[in-house]
Structure formats: C-alpha cells, structure tokens
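J.: Here is the input, now give the coordinates:
(2 chains)
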Amino acid sequence: MDLLEARLEQALLLKRVVEAIKDLVQDCNFDCNDSGIALQAMDNSHVALVSMMLKAEAFSPYRCDRNIALGINLTSLTKVLRCAQNDDILTLKAEDAPDIVNLTFESSESDRISEYDIKLMDIDQEHLGIPETEYAATISMPSAEFQRICRDLMALSESVSIEATKEGVKFSCIGDIGNGSVTLRNHANVEKPELNMEIELTEPVALTFSLKYLVNFCKATALSGTVKLCLSNEVPLLVEYGLAGSSYLRFYLAPKDRGLGGGDASNWLGSSDVVDKVRDNLQTGLFLGAGAETRAPEELAIAAMRIKVRYNIYV
Amino acid sequence: MRRTRSSKSAKPGTEKSPPISEPDNPLPESNDKNPPKCFILPKGASPEARIVTLPNPRTLTPTRYYLCPERGIYEFTKITAPKSSPRSWLLAPQTQPAKAVSSGVIPSGEEGSSAEHEPAKAPSSEPGSILTKGYAIRSADLFIATPLDPLFLIIPALAPVPNSGKHPKQLFLSSDDYFDTLSSTSRHYGTILQIPRLRMAFEARMDIICDTVDAGGERMYRLNEEKLMRELLRKANEVVDKGLPASLEESFVKKALEVPVACVKREESLAAVGNLDPEDETQLDVAGAETPSTESTVDSQTSTTSTITTLTSVSQLPEPAPFSGPPSAPALIARLLRLRTALTYLSTTYIPAHLVRSPSPSIIDFTPLTSHLTHLASLREEAFASRSLGDYSCKRALDDDGEEESRAEKKRKKEEEERRKKAGESRGVRDLKKVDVRGMKKMSDFFGKKKT
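T.: A predicted model of the protein is given here:
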C-alpha cells in the first residue's frame, strides 16, 4: 500500500519546476505531507534559496498518509521527467520508508503507460524558517520581461542594481565596456493584463544582486507569466513565481554588500568575471553568451588595463 | 679487609661510614688536608724502601714510584672505586696491624666501637697516628705497587726526545753518562743510582736493549730499537701467555674478532678453519720471527733515523677498522691480536712516544691479523649495508604495498564519488560555483533554522 500517491494532470508542471530548480540545487528533499509537496533547498554557496510549494489542490487526487521526505537528485529526476510528454498524466508514488519513488506517465491520448523508479537518497538538509515579511517594495511584472532584463544586463556586468522608487524600477549595471540600465514604470494594460507592471512601495529601495543567480531564477519563467520581486534593505530578494492555486516557486537571493561587491565596486568584480568567462570559454571551448564571443577579448584587454591602472594608483 | 658502603662519603676524614648508630649527630667536617691513602706494598720490602718521584718514561711527568733497594722499583697502580657505587675506606685499629675497612653491613656495635677503641698497634710508625683512632677515607682508591722493569726508566736517557725533528747522532756512551742524564731529570735518581744493586739492575737491563762496545775497560751502550722491540715482544708474549686482563680481552680482542651475525657464510668458514691447531702455528710464526734477530746495528740505526718521526702506530690497535684479506685460523689470529694488544699497551704506557712504532715484519708478522681484520671489517660493512638495505627495503616494501593500495583505493573512491557527483550535478549548478559571492551573506544569516 502506497503511503504517497499524487496525480498530476499535466506532467508539464513538475517538469518545469524541476527544470527551474535543477540548475540551482543538486539534490533536495521533497517533503510530502497532507497539505502537499514542499521543497526547500539552498545552492552550494548558501547565498540563494529555493522554496517550492505544490499544494494538494494541484493534484487530483493527492494522498499522503504520513510525512515523508523524498531525497531526490534533481538531475536524475530531470532525466526521468524528460521521458514524459508535457500532457502526460503524472503519478508520483512512494511506499512507507521508501527506497525509491515511482513515477508513472500516462499518455492522455493513447494507452501508453511508462513507469520509472528513481532511487532515493538520504539528504541531510537544514530547513530555514522563512518568516512572512513586509517588503519595502513589491514589484509585479511579466516574468519574460524580468528574464530579458537579466539576460541583457548580464552581457555587461555580473551585478545588477535594482532601484525601486515611486516612479518605477530601474535595473542598472556598470560594466567594463560601459553601462546600461532598464527602467520600468507602472503600467496597466487592460487588453493584455499579463504585461501589467505594478509597484507597491513603502519606501525606496536600492540593492545589488548577482545577475548570474537572477538569470538562474529566470529559468522558472515558463511556470508563470508574472513574477513578483520583493525587496527590502538588508534582507534577501524574493523572486516568486506563482503557480496554479496557491502553489508557488520562490527564490531568495542575498543582496551584494555595496562596500564589497555592490555599487561601483561591481566594475572590478565585472572585470574579474570577464577574465573568468574567457578562461571558462577557453577551457570548455564553448561560449556561454551570444555576445561573449566578440566581446571577450577586448573586455579582457580592458580588464587588464584597468587592473594596471589600479596598480599604478595604489602601489 | 672489608669494604665500606658509606652513603655520606662526602667528607674525608673523621666520619664513620653510614651514621646508622647516631643519626642525629651531623658528621664533623674534616680539616685533614692530606688524608691517608691506602697502599698495598710488596711483602718483605726492605726498611730502606721509599716512595720516590721519578719522571714517567712515557710522559716525562714526575710520577711516584716505590723503590726498594733490594727488590727493585715498583710503580703504583691506582684502583678506583666505580663512580656508580660510592665507596670509602674505613681504617680501623684491630688486633692485627692491618688497615681495616668496615662496611655498612657490619653490626653497628663494632662500627661504633671502631672509632673509640683502644688503639691497637698501628702499622704506622708515627706517634699519635690517626690510625690509632680509626679513620675513614673519602675516596676508596687503592694503590697497588707492582714491579716495574728499570728498563723503562732508563729509556728516556738512552733515547732522548729528538729536538726540532733532527735526530742527534746516537753515540755509544757509558752507563755513567746515561745515569747522569737520568739524574738531571730527577734529583731522586742521584740517590737511587748510588745504590749499587739498582745500578747493576739498570745496567743489566741496558745490556738487553742496547748495542754495546767495550772501550778501555768500560762498557759503552747505545740503544738498539730492534732489540727494544724484541724485548717488548717478549714481554707481550708473556702477558698473552698469562692471559690478557678481562677488560682488554673484551674490548680489543673479542669485539674486534666478532663476525657479523648476518653473514652466515662467513661463520661457516670460521668454524671450518677453527679446527686447526692454532698453537703450533703461532709458535712457528713467532719462532720464525725470532730467527733474524742477529742484525747489524748499523741497519737498525738507519731504520731508526728514517722512521723516528713516524709516531702513528700507537693508534693502530684499538680501532677495528683496518682489517682485510682472506680468513685464517681464528686462534692464531686471536693470539696475534692479543699480542698486538699487549704490545701496544706496553709501548703506549712505558715507551716514549717518539720510539713507538709498529714492529717490523722481521720481528713479528701481523699481516695475517691485519688482513683478517680488514676482511672482518668489510664483512661487517657488508652486513651492515645489507641489513640496513634489507631493513629499508622490507619496511618500504611493506609500507609501499599497504600505502599504495590504500592510496589507490582512496583515489578510486574519490574519483568515483566525483564522477557520481558530477553526474548528479547539472550544468547550472556547476556554473553557479564560479559566481563571485563575495559580499553576499548566507541565507542562514537572514533566516533562522527551523526545527523539523
């Protein structure tokens, strides 16, 4: 008799959730209880945290007799989930004290049933208590827009400064090749409400974040047309993708200390990032970004030059 | 004679051995500047016998000798108590006129009484001698007078130390001349050489080691080193016949001839040759050496001049280094080694350094010995080398195997783990590792740990 049985009408949801998380964390526990399946995990550096909640309502049916934690390697899970068609009915099953989790994909169109077992792992993960926070600024915007901004700015710099004021929100970065910024104002589109841009603000906020992490979060874009950014000084940024029902996928990211990594100092981090990027590219023989190919050498030159100048001043 | 085992031997003089009887009384300080010494003197020495100070033939430093006009000259051998067990003498008067030594083991009654006892007739002639009351000597040294060949005493006169390397031409001189030389070194000689008996003894000894000529009714002497060497060899042979002292035997013969245990082959060969009768061979060898004793004086003299400056032979004996050659009868070797030990001892103790040299092969041939010792040394070296090599190789081999295995296993495990980890690691996760997270706080700094 299975302890857990969760039937998902569309495998797509889980596919996308796992796809979004798998580049942030390697292994994590899926904590199953009668209210649904929850997941909380940090990246290797512990500067980012992902929190997922798939409420019981998202499943039909959902049954979990006892709380169990399914320790799963997300890469393995991804491999198995790739075997599922987006429209397949996905059933998650686990026994009491399980060694494996069973996934069944039922084709909605044919009578094809595929079944996969994934070995479970014991993962010793600490759970952090995340309090409900009143954020100074809450920005609601199209997730695709957020993804685009992050990707665009990443071409220039490693860090983005997010400044939320009454007028709007400004994403800006200063890089070696120059600087750039994207400003979004409050916007209400009656015809296309998914393009709405809203800012709720109690006080202006300006924080700097690692763009690489933000780009990583943006892999969840497909999950929701809207993303919510919540900012307050001295607390992590919350990037939330709302799912059907009250299910959610949330990412938290620690801001960069302006003295060390934020603000103007990001120039210097940026230059070292360029060096990193070029080195990586040399190592892998692959260029990660579209523009990196052409820019990298001159960026490197600029970086080297700047470092030289730096030396001249300080040494 | 009884030994004392005084624990409080610090103060020479009046103390008794251990203060068992009166523990509260501190021992009185001794103010005796010249505490008595314990001597064992030859029996039946004439009352004219005296302790005289003569230059030591080897070092030329004034040394005390016991001189008896009738029995000859004696040297003192000091026997020192071992430092590990402090001892002292307690001289106590007894019914027999003897130096007595009490020991801590003695019943305390006797001990206590020894101090206050009615003084028995002490051997000392001095009135009020301390011995009448008993006396504890701090140092338990014992001086034994042993006969000394006057030959050794006369040698410095016969062969004065050559000054500035140039050896003076040795002349035939009368015994008087030599005695005059002696007298100039110590005034005691003047008195000694008045004694006709001693004079005759000196001359008799000179006869043995010197070439002589009669000139005008007077006998003239000149040192012949060859003869001296023969005389020394004779003495050494005597010593060997009677057996070397245990300590010499142990350190210079037994140890030097030890065959390294590791060398099994060598031991076998030793055992095989050991069956030979070594005594005969030794005799033969020595006898053979004796034959060419009639040598011309001129020859020996030139040899003296030529080799007078080479004083290296002294150090030759004690070190077991210069050995080589094929193995030979160990008994013969042992005898030769003993002989050489004795000879070296004699020459280093009594013969002036400038006269000491290794005996020429015509007198005694040490070649079999040296070759054997060299051989032993090489064996020892080999054994040591092989052992240390074996040790190392053994150790390393053991360690190597284990270490290498475990290291390889660790490496394998690590690689496997890494592979598994990499397999379970998405590219995004890998990329995130390169992100500069400086200035970014950890999540646990913001959010407290939740109890599950």
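J.: Give me the below-cutoff pLDDT ranges for the chain.
T.: By default, I'm working from chain A. A:1, A:258-315 (pLDDT under 70).
J.: Wait, chain B was what I had in mind.
T.: By pLDDT under 70, the low-scoring segments of chain B are B:1-32, B:94-132, B:163-169, B:260-329, B:359, B:387-402, B:451-452.
J.: For it, list the residues in contact with chain A, please.
T.: Within reach of chain A by C-beta under 8 Å from any C-beta of the partner chain, chain B has these residues: B:421, B:423-429, B:431-450, B:452. Every residue, glycine included, has its C-beta placed from N, CA and C.
J.: Please repeat the previous calculation with a cut-off of 10 Å.
T.: Residues of chain B lying close to chain A by C-beta under 10 Å from any C-beta of the partner chain are B:420-452.
J.: Out of those, list just those in helices.
T.: B:420-423, B:427-432, B:443-446 (DSSP state H).
J.: Just the buried residues from the residues you listed, in PyMOL please.
T.: Buried members of those, defined by 16 or more other C-beta atoms under 10 Å in any protein chain shown, are picked up in PyMOL with:
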select buried, chain B and resi 428+429+432+443+446
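J.: Looking at the ones in helices among the residues of chain B next to chain A, spot the one nearest chain A.
T.: residue B:428 (2.1 Å; C-beta to the nearest C-beta).
J.: so what's the closest one closest to, chain neighbours aside?
T.: residue A:23 (2.1 Å; C-beta to C-beta, 6 or more residues apart in numbering or on different chains).
J.: So which residues of chain B form helices?
T.: So, for chain B - with DSSP H - the helices run B:108-116, B:150-158, B:175-185, B:187-192, B:196-209, B:225-242, B:246-248, B:264-273, B:278-290, B:297-307, B:330-350, B:367-423, B:427-432, B:443-446.
J.: So residue A:131, which state does it fall into?
T.: coil (DSSP: H, G, I helix; E, B strand; the rest coil).
J.: Spit out the contact partners of it.
T.: Under the criterion of C-beta atoms under 10 Å, 6 or more residues apart in numbering or on different chains, the neighbours of residue A:131 are A:235, B:446, B:447, B:448.
J.: From these, list the buried ones, please.
T.: In these, burial by neighbour count holds for A:235, B:446, B:447, counting by 16+ other C-beta under 10 Å.
J.: shouldn't residue B:364 be in contact with residue B:233?
T.: Yes. Residue B:364 is within contact range of residue B:233, at 5.9 Å (criterion: C-beta atoms under 10 Å).
J.: Tell me which of these two has more neighbours.
T.: Taking other C-beta atoms under 10 Å in any protein chain shown, residue B:364 and residue B:233 do not tie; residue B:364 has more neighbours (24 against 20).
J.: Phi, psi for the more buried one please.
T.: With angles defined as degrees, to the nearest 10, residue B:364 sits at phi -150, psi 140.
J.: Also residue A:136?
T.: According to degrees, to the nearest 10, residue A:136 has phi -70, psi -30.
J.: okay but it is in contact with residue A:233, surely?
T.: Yes. Look at residue A:136 against residue A:233 with C-beta under 10 Å: they come within range, at 6.6 Å.
J.: Quick check: neighbours shared by those two?
T.: With C-beta under 10 Å, 6+ apart as the test, residue A:136 and residue A:233 both reach A:203, A:204, A:205, A:207.
J.: I figured residue A:127 hits residue B:443, correct?
T.: No. With contact defined as C-beta under 10 Å, residue A:127 does not count as touching residue B:443 (11.1 Å).
J.: Could you tell me which residues touch both of these two?
T.: residue A:40.
J.: Can you show me the helices along chain A?
T.: Ranges of helices in chain A, per DSSP H, are A:11-21, A:74-81, A:143-154, A:211-217, A:266-284, A:292-314.
J.: any idea how far the third one is from the chain center?
T.: Taking C-alpha atoms, centre = their mean, to the nearest Å, one finds helix A:143-154 lying 12 Å from the centre of the chain it belongs to.
J.: mind listing what's buried in that helix?
T.: Judged by neighbour count (16+ other C-beta under 10 Å), helix A:143-154 contains these buried residues: A:143, A:144, A:145, A:146, A:147, A:149, A:150, A:152, A:153, A:154.
J.: With residue A:173 as the reference, measure out to the third one.
T.: Think residue A:145. 16 Å (C-beta to C-beta, to the nearest Å).
J.: What of the second one?
T.: Note on residue A:144: its distance to residue A:173, by C-beta to C-beta, is 19 Å.
J.: Ok, the first one next?
T.: Residue A:143 sits 20 Å away from residue A:173, going by C-beta to C-beta.
J.: List the contacts of residue 194.
T.: Since no chain was named, I'll use chain A. Residues near residue A:194 by C-beta under 10 Å, 6+ apart: A:142, A:143, A:144, A:145, A:224, A:225, A:226.
J.: let's do chain B instead
T.: So, once contact is read as C-beta under 10 Å, 6+ apart, residue B:194 ends up touching B:69, B:179.
J.: centre of the chain versus stretch A:233-248, how much separation?
T.: 10 Å.
J.: Now do the end-to-end distance for it.
T.: Stretch A:233-248 stretches 23 Å from its first residue to its last (C-alpha to C-alpha, to the nearest Å).
J.: For that stretch, buried residues please.
T.: In stretch A:233-248, counting by 16+ other C-beta under 10 Å, buried: A:235, A:236, A:237, A:238, A:239, A:240, A:241, A:242, A:243, A:247, A:248.
J.: Relative to residue B:140, how far out is the fourth one?
T.: So the one you mean is residue A:238. Using C-beta to C-beta, we find residue A:238 at a distance of 97 Å from residue B:140.
J.: before we move on, the earlier item: just put the ones in helices among the residues of chain B next to chain A in TSV and tack on distance to residue B:379.
T.: Below are these laid out as TSV (distance: C-beta to C-beta, whole Å):
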residue	distance to residue B:379
B:420	59
B:421	60
B:422	61
B:423	63
B:427	70
B:428	73
B:429	68
B:430	66
B:431	70
B:432	70
B:443	75
B:444	72
B:445	75
B:446	79
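J.: hmm, back to that, filter the buried residues of stretch A:233-248 down to the ones close to chain B.
T.: Okay, of these touching chain B (C-beta under 10 Å from any C-beta), that's A:235, A:236.
J.: Which residue, other than its chain neighbours, is closest to residue A:77?
T.: Nearest one to residue A:77, counting by C-beta to C-beta, 6+ apart, is residue A:18 at 5.3 Å.
J.: wait, isn't the one you found in contact with residue A:52?
T.: Yes. Assessed by C-beta under 10 Å, residue A:18 is found in contact with residue A:52 at 9.4 Å.
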